[in-house]
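Visitor: Here is my input; please provide its structure:
(chains A and B)
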Number of protein chains: 2
Amino acid sequence: MKIITGIEEMRSESTRQRAAGRTVALVPTMGALHDGHRSLIRKARELADRVVVSVFVNPIQFGAGEDLAAYPADVHGDRDLCEAEGVAVFFQPSGAGMYQAGHSTYVAEEDLSRGLCGKSRPGHFRGVTTVVAKLFNIVLPDLAVFGRKDAQQARVIERMVRDLNFPVRIVVAPTVREPDGLAMSSRNAYLSAGERRRAACLHEALNAAKGLYARGVRETDALKGKMLELLAGQPAAEVEYVEIVDYESLKPVSEIRAPALIALCVRFGRARLIDNTVLGTSD
Amino acid sequence: MKIITGIEEMRSESTRQRAAGRTVALVPTMGALHDGHRSLIRKARELADRVVVSVFVNPIQFGAGEDLAAYPADVHGDRDLCEAEGVAVFFQPSGAGMYQAGHSTYVAEEDLSRGLCGKSRPGHFRGVTTVVAKLFNIVLPDLAVFGRKDAQQARVIERMVRDLNFPVRIVVAPTVREPDGLAMSSRNAYLSAGERRRAACLHEALNAAKGLYARGVRETDALKGKMLELLAGQPAAEVEYVEIVDYESLKPVSEIRAPALIALCVRFGRARLIDNTVLGTSD
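Guide: This is a model prediction of the structure:
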């Protein structure tokens, strides 16, 4: 596994591989890799000859008062995981390399990024689309793999790729869960033991909604009501949102007729957790 | 010369050429090609194996009340000029192809684009950076050639390329002028015969400032004062701005010490004309 920190070196590496006819897949991460990332890497390996994992804690996608300084990091563990998974290149650029003095250009998606997490995290998705555009231009991948756990992020990236014609195929891989259903996330590390036990309630709420949907309930007020009732049973859980939106537009729907995304965000102490499921599709 | 209107076809064409080891240069235009464009094409031919000229009147870089509907067009003349200049591909995408329903992603440069033309044309440079990012992702050029006449645009594009790591070299080619010094522009077509005669005053004002600079004047108030005095002699000329800015930052300077851009914008009837010169450099 090559470890690359320089932007020009990364670009030369990909240019060389692609000129030799090999396909390149990018798995962009902020490090603190877990089994969720492992599944993205495995998906990338299935689909391309060479997998590049980028590890970069992108400062511009964090707002004031968010957890940029505290974000978990484990460079040695990350490298070991990537090595074990057959990753070709571990790309770890520096902050100064990624954002030069006077950086003043941003990529912003202005529709799908407004609701859900966009409401409480202004500027977050602008930071995500900007760094992903940069990584696409540096790594020059044929495809990039994102996790379904960050469903809104995946939709925003898909829209960016469509609108700006990036020559990159976007693959969205299923959420990987702990045995009790908690979606894997680097931010789970913030949970105390007690919070960790209770954090499965996000998944339980989604399952409750799926159960009602399976029994024919289509009114989203009823589905959200059931979820909120269940979450109210966890006093430590501070609900930021529970929303049911059209999967394409990410706009709230009152009744599920087309594929819909049920997404929720719940805080436990300093951990802000998100999860989701898609209804009305075979996905 | 190939004429391509499809986005996927354009991308395949460039991918094929680059895979065969040939370099590709893009000259992005809004059509109504003149000798200024011709010089960009010639520069591109010097530097690359294959020249792609794109012709697309980009709606999102025009503001409300601007000249989108009236913008001059001459498709047959454009094709003839490109054919004569040895252009490999004439790329003419449709508006619907470039901006799909629900387009919601923009590239914005937020520093260099604020002053000069950015003041009176809010959103203009955002439209430019967005379409140029799209063209880069579609045409996949090794390099792209822009005209110095649109000096602020060139600086904004250079900054975008740096900040978003586009793998494209930006080349800025000198302004081409009519015999009386008027910078060539598709918008010169808006000038009446009388306005056309007077429009050389932009170049005369720049020359007056250069003359003072050559005699040692460095205070920008003195240089601007001279230019405004000269322009005031043309009652039909409505001055939008006369500014002297640092070439790197595009911020106003009171004294010329580093390379500086003298830029002006003057309206004659419905024609909004811009011109500029760089002082303090061998450029």
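Visitor: where along chain A do the helices fall?
Guide: Under the criterion DSSP state H, chain A carries helices at the ranges A:7-19, A:35-47, A:75-84, A:95-98, A:117-120, A:124-139, A:151-164, A:193-198, A:201-214, A:220-232.
Visitor: Need these in JSON lines (columns: mean pLDDT).
Guide: Below are those laid out as JSON lines (pLDDT from 0 to 100):
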{"stretch": "helix A:7-19", "mean pLDDT": "97"}
{"stretch": "helix A:35-47", "mean pLDDT": "98"}
{"stretch": "helix A:75-84", "mean pLDDT": "98"}
{"stretch": "helix A:95-98", "mean pLDDT": "96"}
{"stretch": "helix A:117-120", "mean pLDDT": "96"}
{"stretch": "helix A:124-139", "mean pLDDT": "98"}
{"stretch": "helix A:151-164", "mean pLDDT": "98"}
{"stretch": "helix A:193-198", "mean pLDDT": "95"}
{"stretch": "helix A:201-214", "mean pLDDT": "97"}
{"stretch": "helix A:220-232", "mean pLDDT": "98"}
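Visitor: As JSON lines, the ones you listed with mean neighbour count would be great.
Guide: In this view, the C-beta of every residue, glycine as well, is placed from N, C-alpha and C. JSON lines is the format used below for the helices of chain A (neighbours: other CB atoms under 10 Å in any protein chain shown):
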{"stretch": "helix A:7-19", "mean neighbour count": "17"}
{"stretch": "helix A:35-47", "mean neighbour count": "20"}
{"stretch": "helix A:75-84", "mean neighbour count": "16"}
{"stretch": "helix A:95-98", "mean neighbour count": "14"}
{"stretch": "helix A:117-120", "mean neighbour count": "16"}
{"stretch": "helix A:124-139", "mean neighbour count": "24"}
{"stretch": "helix A:151-164", "mean neighbour count": "23"}
{"stretch": "helix A:193-198", "mean neighbour count": "14"}
{"stretch": "helix A:201-214", "mean neighbour count": "19"}
{"stretch": "helix A:220-232", "mean neighbour count": "17"}
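Visitor: Ok, which of the ones you listed comes nearest B:Ala154?
Guide: Set against B:Ala154 and scored by CB to CB, the helices of chain A come closest in helix A:124-139, at 19.4 Å.
Visitor: tilt between that closest one and helix B:124-139?
Guide: Using axes from the mean of the first three to the mean of the last three CA atoms, to 10 degrees, the inter-axis angle of helix A:124-139 relative to helix B:124-139 is 40 degrees.
Visitor: Check which helices and strands helix A:124-139 sits against.
Guide: helix A:7-19, strand A:24-29, strand A:50-55, strand A:105-109, helix A:117-120, strand A:143-147, helix A:151-164, helix B:151-164 (3 or more CB pairs under 8 Å, 6 or more residues apart in numbering or on different chains; DSSP states H and E).
Visitor: do you know which of those lies nearest B:Ile60?
Guide: With respect to B:Ile60, and counting by CB to CB, the nearest of the helices and strands packed on helix A:124-139 is helix A:151-164 at 11.1 Å.
Visitor: ok and that closest one relative to strand A:143-147, angle-wise?
Guide: Using the same axes, to 10 degrees: helix A:151-164 against strand A:143-147 is 150 degrees.
Visitor: what's the distance between helix A:151-164 and the middle of its chain?
Guide: Relative to the centre of its chain, helix A:151-164 is centred 12 Å away, using CA atoms, centre = their mean, to the nearest Å.
Visitor: can you list contacts of that helix?
Guide: For helix A:151-164, contacts defined as CB atoms under 8 Å, 6 or more residues apart in numbering or on different chains pick out A:107, A:109, A:111-113, A:115-118, A:125, A:128-129, A:132-133, A:144, A:146-148, A:166, A:168, A:170, A:172, A:247, A:250, A:261, A:263, A:276, A:278, B:100, B:102-105, B:107, B:130, B:133-134, B:137.
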